[in-house]
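Engineer: Fold the following and give me the result.
(4 chains)
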Number of protein chains: 2
Amino acid sequence: MSTDDVFESRSADAALAASRALMGVVARSVSGALEVVTLPQFRVLVVLDGAGPLRMGVLGEAIGVLPSTLSRAIDRIVAAGWVRRTTKPANRREVLIELTMAGQNLVTNALEQRRDNIAQIMSDLSADQKSAIVAAFELFADAAGETPAEDLLVLGV
Amino acid sequence: MSTDDVFESRSADAALAASRALMGVVARSVSGALEVVTLPQFRVLVVLDGAGPLRMGVLGEAIGVLPSTLSRAIDRIVAAGWVRRTTKPANRREVLIELTMAGQNLVTNALEQRRDNIAQIMSDLSADQKSAIVAAFELFADAAGETPAEDLLVLGV
DNA sequence: CGCAACAGTTGTGTTTTAGCAACTGTTGTA
DNA sequence: TACAACAGTTGCTAAAACACAACTGTTGCG
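Structural biologist: Presented below is the predicted three-dimensional model:
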């Protein structure tokens, strides 16, 4: 095994440990929402939060679900009050789905909880350590490039 | 807003961006497995991979599921060939669940794919950058402490 | 206008997960 | 040995998600 391989291995280990920690952050932030919606339902809300109101067709393609499945899923999410069905007079055969206040809050709260949790984790570190971590995180995120939303949707985030 | 708050905010942003990237890594590593097992089923395999063979009761408690639900879930996972039911002569009322080769491979492959993906992301960085990231990741993971397995299970990882 | 294409919904059936209660077999113990 | 506690399975029921096909209403175009 070359020195490079050893280094690669240690990099991956460190990244995996960090990912474990960050996944924990995400998981905790989502667990509250998962007491009132299912994971597939939460996916819908996350997509809408990111993209704004979407047509059924677009939404269905975004989360990789057949129209019939989506239609009935939306039935349930509407009934629960997280989203609203809208029709624009211009195109009465298209149906627009948008978050209600409650739905918006559900997603926003999860994100805020994530930020709080991260701040809390780093609260005991020195300023130098914090800035080193921030720089490293920015560098890594940059190197990783854009993460396709559909990749993340597998985990409902 | 104080300078500290601004800094906290930037820390959280950087961490969130990094978490997005790392979540993408995890999600991609899992997506292959999710073509042959469901997420709850994969959770079972991950727990068994981490803890070794477990009794039904312990396993059920680990993933937060009632005995009846687990029993039937195991029926399906056994039928699919990912795990095996075992009985020790010493205690014939206890049932031990253990991964088969196929089940072990499924989990192991996901982990390996994760490491490969991370290595690939970092492959274009300089040695200095890599070591900075490794140090920062180690520091952050350390500050976060142990992430309870049950936290991670929400996401199936 | 008339008709094809489009956007969603509804009918029907299957699979998975989940919860409660009743049950079978096993173990430990009085 | 008899009986209670334990470990897991099975009966029953319900909610979600998914898939395929048939259907309704809307739009665009020849």
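
Engineer: where's residue A:132 relative to residue B:134, distance?
Structural biologist: 11 Å (C-beta to C-beta, to the nearest Å). Yep, even glycine has a C-beta here, placed from its N, CA and C like the rest.

Engineer: Can you give me the buried ones in stretch A:31-41?
Structural biologist: A:31, A:33-34, A:37, A:39-41 (16 or more other C-beta atoms under 10 Å in any protein chain shown).

Engineer: Is there proximity between it and DNA strand C?
Structural biologist: No - judged by C-beta under 7 Å from any atom of the strand, stretch A:31-41 makes no contact with DNA strand C; its nearest approach is 9.4 Å.

Engineer: what's the span of that stretch, first residue to last?
Structural biologist: Start-to-end span of stretch A:31-41 (C-alpha to C-alpha, to the nearest Å) is 13 Å.

Engineer: Now stretch A:147-154: buried residues?
Structural biologist: So, applying 16+ other C-beta under 10 Å, buried residues of stretch A:147-154: A:147, A:149, A:151-154.

Engineer: How about stretch A:19-32?
Structural biologist: Residues of stretch A:19-32 classed as buried by neighbour count (16+ other C-beta under 10 Å): A:19-31.

Engineer: Would that stretch count as contacting DNA strand D?
Structural biologist: No - if you take C-beta under 7 Å from any atom of the strand as the test, stretch A:19-32 misses DNA strand D, and the best it gets is 13.9 Å.

Engineer: so does that stretch get close to chain B?
Structural biologist: Yes - Stretch A:19-32 reaches chain B (C-beta under 8 Å from any C-beta of the partner chain) through A:19-28, A:30-31.

Engineer: ok, is the lowest-mean-pLDDT helix or strand in chain A in contact with DNA strand D or not?
Structural biologist: The helix or strand of chain A with the lowest confidence, counting by mean pLDDT, DSSP states H and E, is helix A:149-153 at a mean of 75. No - figure legend: helix A:149-153 not in contact with DNA strand D (C-beta under 7 Å from any atom of the strand); closest approach 10.4 Å.

Engineer: where do the strands sit along chain A?
Structural biologist: A:54-55, A:83-86, A:96-99 (DSSP state E).

Engineer: Dump those to TSV, plus distance to DNA strand C and mean neighbour count.
Structural biologist: Supplementary listing: the strands of chain A in TSV, determined by distance: least, C-beta to the nearest atom of the strand, whole Å; neighbours: other C-beta atoms under 10 Å in any protein chain shown:
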stretch	distance to DNA strand C	mean neighbour count
strand A:54-55	3	18
strand A:83-86	6	16
strand A:96-99	7	19
